[in-house]
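Novice: predicted model and sequence below, questions to follow.
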Amino acid sequence: MAGVSRSAVSRCFTPGASIADDTRAKIMEAARALGYRTNALARNLKSQRSQLVAILASRLDTPFRARQVKHLARALISEGFRPLLLTADHSDDLEPLLSSMLDYNLAGMIVTSDTPPAAVTEECQRLRVPVVLINRNPGSSGGDRIQLDPDAAAEIVFDMLHAAGARRFSVLRPKDRTFTVIGRVNSFCELVHARGMPCQVMPCDGQSFEAGRDAMRRHEATLRSCDGLFAANDLLACGALDGLRGDLGLRVPQDIAVVGFDDIEQASWASYDLSTVRQDAGTQAAMAVEAMSYRLQTPDAPTLVTHLPLHPVARGTTGKIEQP
């Protein structure tokens, strides 16, 4: 029907095969007319490897995680992979979920939430399934890692607050102590103390907007003695801003400067105009897919650890503080 050879048809439906554009167009038009589609499952049986890549994520109701997953899916598709989203908000769900996914001859696994159990990563290694861990504990084994440097993050936050005039610092510490958030908090406190300045740690109930606002009410006395606040993510910071202004009557940045982390969309809204630190989700996704592809090509290479670049984003919450 397309007037081409069988070998041309085969090349047309083989990823990466060489074929002229006009020949491909003829074949695809004929395939559409006949209702033909390739059988990916049959191809997977022959190659013993699918193009499926599992993305393991939690907290999809948070802006940064949703953006992160979107960019990961786009990056995988652009490289010819098929993303498969798995959600697990509790660590007990991880092992059975991931073990079941290995039955599908996964091409790889990208983890943005809890670090997989050792039994799962060992099985991935045995099956030569690459695992890429994004912002997971460096002490965990079984995969290449894309991570930010908490010390570099602390330097950026401190410099922004210090440049705004802050000398008496405070930081929000969520009770759900994920590796990245607590790493930022601890590094920030250590840096402030190393510079000879005080840093008040204020516990909060979580990493949500509500937790940030509630913490302002609970720690009012502490906040009135501080002139610089670091919230370990932007949702916390936005809640803190509403609490500082609406509940405590403090002026930002005249009375207290505020810096968040992630640079979510809401941070740029005029009502918040939040100074923050950007970890670019698109760059992060590209680095993760590149690491996975490299592992597929060189399975015995040493473990990769790649640091994500961070960028300060100065907005209105770090304007000059009015000194007494």
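Specialist: Perfect, I can see it now.

Novice: just checking, residue 56 touches residue 108?
Specialist: No - under the criterion of Cβ atoms under 8 Å, residue 56 makes no contact with residue 108, lying 11.3 Å away. All C-beta atoms are positioned from the backbone trio N, CA, C, and that covers glycine.

Novice: so residue 208 makes contact with residue 236?
Specialist: Yes - here residue 208 reaches residue 236: they are 7.4 Å apart, a contact under Cβ under 8 Å.

Novice: looking at the two, which has the bigger crowd around it?
Specialist: Set residue 208 next to residue 236 and count neighbours by other Cβ atoms under 10 Å: residue 236 wins out with 28 against 20.

Novice: give the buried residues for the helix or strand in which that one is found.
Specialist: Per DSSP states H and E: residue 236 is located in helix 234-242. Counting neighbours by 16 or more other Cβ atoms under 10 Å, one finds that the buried residues in helix 234-242 are 234, 235, 236, 237, 238, 239, 240, 241.

Novice: ok, stretch 198-208 next?
Specialist: Within stretch 198-208, the residues scored as buried using 16+ other Cβ under 10 Å are 199, 200, 202, 204, 207, 208.

Novice: stretch 259-271 now?
Specialist: For stretch 259-271, the neighbour count (16+ other Cβ under 10 Å) marks 259, 260, 261, 262, 263, 264, 266, 267 as buried.

Novice: please save the CA atoms from that stretch in CSV.
Specialist: Extracted as CSV, the C-alpha positions of stretch 259-271 are listed here (Å, rounded to 0.1, in the frame of the first residue of the first chain):
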residue,chain,number,x,y,z
VAL,A,259,13.8,33.5,52.5
GLY,A,260,12.2,30.3,51.3
PHE,A,261,13.4,27.5,49.1
ASP,A,262,12.4,25.9,45.7
ASP,A,263,11.0,29.0,43.8
ILE,A,264,7.5,27.6,43.3
GLU,A,265,5.1,29.6,41.2
GLN,A,266,3.4,31.1,44.2
ALA,A,267,6.7,32.7,45.4
SER,A,268,6.5,35.2,42.5
TRP,A,269,2.9,36.2,43.2
ALA,A,270,2.6,39.9,44.2
SER,A,271,1.0,39.1,47.5
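
Novice: show me how far it is from its chain's centre.
Specialist: Here the centre of stretch 259-271 is set off from its chain's centre by 16 Å, with Cα atoms, centre = their mean, to the nearest Å.
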